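Chemist: Starting from these lines, generate the structure:
(chains A and B)
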Amino acid sequence: MKGLLFGGCSFTWGQGLYFYSDLPKQKYPLNEFTYRREELTDAHLRFKDTLRFPRLVANHFNTFELVKGQNGGGEDETFDFLRTVFKHKINERHDHYVSDNIEYGDIEYIIIQTSQIWRNKFYFTLDGKEDHAMISLNNNHHGYNWDILYKWLIENNETIENVVQSHLKIQLDRFENEVKFYEDKGIKVRFLCWEPDFYYELDKYPYLRERFVPIFYNDVRYNTIRKMHDENPHLKIKGDVAFFGDNIPDDHHPSKECHKVIAESIIRRLESEIK
Amino acid sequence: MKGIIFAGCSFTWGHGLYYYSTMKNVVNQGDQFTPNLLTDAHIRYKNIFRFPRLVANHFNGFEIVREPNGGNDITSIDFVNDLFDKNKFNNGGKYDYSEIDYIILQTSQIVRNHFDVEVGGKLEKLSCGQNNSKLIKFLIENNLTYNEWFNIFTQQVFQKIKDFVIFYENKGIKTKIWCWQDDLLKYIKLDSYFSDKFITFEYEGQTYDCLDYMINLNENLLISNDKINFTELIPDQHPSKLCHEIIAKNIIKNIENK
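Modeler: Presented below is the predicted three-dimensional model:
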């Protein structure tokens, strides 16, 4: 098998997996929503690479994996990363830490883990100037740049409900177009979901549905990592009492076992296609 | 297991392992090395087959390997030292002694190292090629035959390696050593300090003190003679994929036994 390219957020990056090492200088996060890069050493970073699902899948197929260097992000960053990998785009900020020159022919599969849809920017034009906001699905939609977005809503006689629907459609359309682009280049694209937003819309997108990878744990099918975590809290780091005992990090990211479960589900899907 | 540093020459780097990839754009370079002919995908691919990754995977740890290909024993020592020196640039990252469990040092061809000599109160590093005029001058001035000098030289390299190993053992990092060629064997095997640090190779019921001895009797362990994987042979004199697996197995065995 040729190389495997993985796109996703902190779940794919392997946030928190360094807590499974016996490396020194580990600082647990203040709470599950905090992340401080400066508290991690190069050793922590290298260690987490060995446990995350991209490496487990690559090891199984005797090939190499490529993962975005920087932690976090949504689909905006995932597709930007892919563009940067294939040099459609020079990443002047180097925020994906891509130094490799990869050709389409080097990659067999792109595996995307979708994140939270509201992390992607919603673009609009106000007073002749292009701007963007984050359409938070929580907190009464008060995400990044809410005040300006609110002004735009008023001036355009729009409702936030319409904007949320429009945002979902824009994201799904974009997702499908990006997948088609890479499939046309001869790379097979598959994806799995953390949150349900993408999954709920898949009936309208049969092309995407064919490429969706469900996760199986204890013979139960989960369409989202969220659902699997809700029903199996030990698959989050913060629920992994078996490993951490009383001294458990407040970290909602996938546990070591969860990465294994995700990897096994991807392997299962890819093997069924290879056969 | 925490981190494992692997220091060595092209044997540790995984020279030629890209020929085992399924990528159609791998260029047969013979026994030459032209970095421009390798893509980043080829480099990543060979990393998965080389013994450092196999050992690290076995112990659920991570491996650190020097990024450029090739080198000698002194560049290996410098590479390791730089990993712990926050003031020196190194692609491999920066580490604390407490983050590393093992250093696995692979010795290379001894004449790749420089011979250190004091000339007029100044330290000079002489290249060890037999045609080096400075070295020839040194031999004549000191009334030494090449063989006499070679003994002094190998002792000098051995002492540098021993100092290196002692330094890191004192920092709490366990250090193992294995040899491609036999020039240092007489020192390593006679020195009890190395008795639990020296890695030999077991393969098909035989034990070999250095890789050269094993390969001499099992030529299929070179890429150039790997008839199982290549119908059209590639004249590359580096360890085959199987050879990397054997090296990994013996390192793992040594670590697990001691």
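Chemist: The residue in the stretch 101-250 of chain B positioned nearest to chain A: neighbouring residues, count only.
Modeler: With C-beta to the nearest C-beta as the measure, B:D101 is the residue of the stretch 101-250 of chain B nearest to chain A, at 9.2 Å. Using the backbone N, CA and C atoms, a C-beta is placed for each residue, glycine as well. Applying other C-beta atoms under 10 Å in any protein chain shown, we find 17 residues neighbouring B:D101.
Chemist: tally of neighbours for the nearest residue to it once chain neighbours are set aside?
Modeler: In space, and not counting its chain neighbours, B:D101 is closest to B:K2: 4.5 Å by C-beta to C-beta, 6 or more residues apart in numbering or on different chains. For B:K2, the count of nearby residues is 21 (other C-beta under 10 Å).
Chemist: circling back to that earlier point, now the residue of the stretch 101-250 of chain B closest to chain A: which helix or strand?
Modeler: Taking DSSP states H and E as the definition, one finds B:D101 inside strand B:100-107.
Chemist: contact partners of that strand?
Modeler: Contacts of strand B:100-107 from elsewhere in the structure, counted by C-beta atoms under 8 Å, 6 or more residues apart in numbering or on different chains, are A:43, B:1-9, B:11-12, B:52, B:55, B:61, B:64, B:73, B:76, B:80, B:161, B:164-165, B:168, B:173-181, B:184, B:199, B:251, B:255.
Chemist: quick one, longest strand in chain A?
Modeler: Determined from DSSP state E, the single longest strand within chain A is strand A:107-114.
Chemist: helices and strands around it, which ones?
Modeler: Other elements packing on strand A:107-114 under the criterion 3 or more C-beta pairs under 8 Å, 6 or more residues apart in numbering or on different chains; DSSP states H and E are strand A:3-7, helix A:75-85, helix A:160-184, strand A:188-193.
Chemist: give me every residue that touches residue 233.
Modeler: Since no chain was named, I'll use chain A. By C-beta under 8 Å, 6+ apart, A:P233 lies in contact with A:G239.
Chemist: The chain in question should be chain B.
Modeler: Going by C-beta under 8 Å, 6+ apart, the list of residues near B:L233 reads B:224-227.
Chemist: Quick check on it: phi, psi?
Modeler: phi -70, psi 150 (degrees, to the nearest 10).
Chemist: Only the buried residues of the helix or strand containing B:N81, if you could.
Modeler: B:N81 belongs to helix B:73-83 when assigned by DSSP H and E. Using 16 or more other C-beta atoms under 10 Å in any protein chain shown as the burial criterion, the residues of helix B:73-83 that qualify are B:73-80, B:82-83.
Chemist: what packs against it?
Modeler: Contacts defined by 3+ C-beta pairs under 8 Å, 6+ apart place helix B:73-83 against strand B:3-7, strand B:100-107, helix B:146-170.
Chemist: Any idea what residue 4 is bridged to?
Modeler: No chain in the question, so chain A it is. In this entry, A:L4 is beta-bridged to A:E65, A:Y109, by DSSP bridges.
Chemist: I was after chain B.
Modeler: Going by DSSP bridges, B:I4 forms beta bridges with B:E63, B:Y102.
Chemist: Okay, strands next: where are they in chain A?
Modeler: Going by DSSP E, chain A shows strands at A:3-7, A:65-67, A:107-114, A:121-126, A:129-134, A:188-193, A:215-217, A:220-222.
Chemist: Show residues contacting the longest one.
Modeler: It refers to strand A:107-114. Applying C-beta under 8 Å, 6+ apart, the contact partners of strand A:107-114 are A:1-9, A:11-12, A:54, A:57, A:63, A:66, A:75, A:78, A:82, A:175, A:179, A:182, A:187-195, A:197-198, A:213, A:225, A:266, A:270, B:41.
Chemist: ok, 7 Å please
Modeler: Under the criterion C-beta atoms under 7 Å, 6 or more residues apart in numbering or on different chains, residues A:1-9, A:11-12, A:75, A:78, A:82, A:182, A:187-194, A:198, A:266, A:270 lie in contact with strand A:107-114.
Chemist: I'd like the mean pLDDT over stretch B:127-137, please.
Modeler: Mean pLDDT, taken over the full extent of stretch B:127-137, equals 82.
Chemist: buried set for it?
Modeler: B:128, B:135.
Chemist: Contacts for it next, please.
Modeler: B:111, B:113-115, B:126, B:146, B:153.
Chemist: Low-confidence ranges, chain B, go.
Modeler: Residue ranges of chain B with pLDDT under 70: B:130, B:258.
Chemist: now do 80
Modeler: Residues of chain B that meet the criterion pLDDT under 80 lie in B:31, B:89-91, B:119-120, B:129-131, B:258.
Chemist: So which bits of it are right by chain A?
Modeler: With the criterion set to C-beta under 7 Å from any C-beta of the partner chain, chain B comes near chain A through B:2-3, B:22-23, B:25, B:39-41, B:44-45, B:47-48, B:57, B:60, B:62, B:93-96, B:98-99.
Chemist: Would you mind measuring from the residue nearest to A:G8 when sequence neighbours are not counted to chain B?
Modeler: Distance criterion C-beta to C-beta, 6+ apart; nearest residue to A:G8, sequence neighbours excluded, is A:Q113 at 3.2 Å. According to C-beta to the nearest C-beta, to the nearest Å, A:Q113 stands 20 Å off from chain B.
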